[in-house]
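Asker: Dropping the sequence and predicted coords here.
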Amino acid sequence: MAVEKGDVVPPKWAGLKFFNVYGANEYHKGAMRSVIAANYERIKNGEPLRLFRSYQADFPDGGLMRDFVYVSDCVEIVFWMLDNSFESSVDKAGSGKARSWLDLGCATFAAMEPPERIEFVDMLQALRGRYQYLTEVPIEKMRAAWCLHVT
């Protein structure tokens, strides 16, 4: 719905699309929780982490990349917005740096300390032509306008 001349609008507003949020208490997200939260128990029980094989030559298996952002960084953005003035807009919010699933998996094994076991599995046929191999949020605008310090 478009804003028409004479419409009453809030003095400030923001629409935020957070990319690949991870962190504590993800269990309510069900199938949409992060790969690590979804596989934590499997890894803890000595089972392998399963990652998709790549079907694009420029991405190795496990090389598919996502812009992961920690939940506390998302909260920091919202609190900053509540306490500061900013230009109303719709923006993407993330860490600004994509990381491969394989790198994330290796870091998880290192943190949990079980032997590293990663298997590459076929991607569902329905996803193969539609799966995004790289998502990364350009956050220069957010850093400049909102003085972000996300990690």
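Answerer: Yep, it's here.
Asker: Return the distance of the spatially most central residue of the chain relative to Lys141.
Answerer: In the chain, the residue lying closest to the centroid (C-alpha atoms, centre = their mean) is Asn20, at 1.6 Å. Distance, Asn20 to Lys141, using C-beta to C-beta, to the nearest Å: 19 Å. The C-beta positions use only the backbone N, C-alpha and C, and glycine is treated the same way.
Asker: can you list contacts of stretch 116-124?
Answerer: When contacts are taken as C-beta atoms under 8 Å, 6 or more residues apart in numbering, the neighbours of stretch 116-124 outside the stretch itself are 43, 46-53, 55, 61-62, 102, 105-106, 109-110, 131.
Asker: and with 6 Å instead?
Answerer: By C-beta atoms under 6 Å, 6 or more residues apart in numbering, the residues outside stretch 116-124 that reach it are Pro48, Leu49, Arg50, Leu51, Phe52, Arg53, Asp61, Gly105, Phe109.
Asker: among those, which ones are buried?
Answerer: Buried by 16 or more other C-beta atoms under 10 Å: Pro48, Leu49, Leu51, Phe52, Asp61, Gly105, Phe109, out of the contacts of stretch 116-124.
Asker: Looking at those, which is nearest Leu82?
Answerer: Proximity of the buried ones among the contacts of stretch 116-124 to Leu82, judged by C-beta to C-beta, is greatest for Gly105, which lies at 35.5 Å.
Asker: The nearest residue to Ser95 once chain neighbours are set aside: how many residues sit nearby?
Answerer: Ranked by C-beta to C-beta, 6 or more residues apart in numbering and with sequence neighbours excluded, the top spatial neighbour of Ser95 is Val69, at 4.7 Å. Residues near Val69, counting by other C-beta atoms under 10 Å, number 24.
Asker: Tell me what Val69 is bridged to.
Answerer: Val21 (DSSP bridges).
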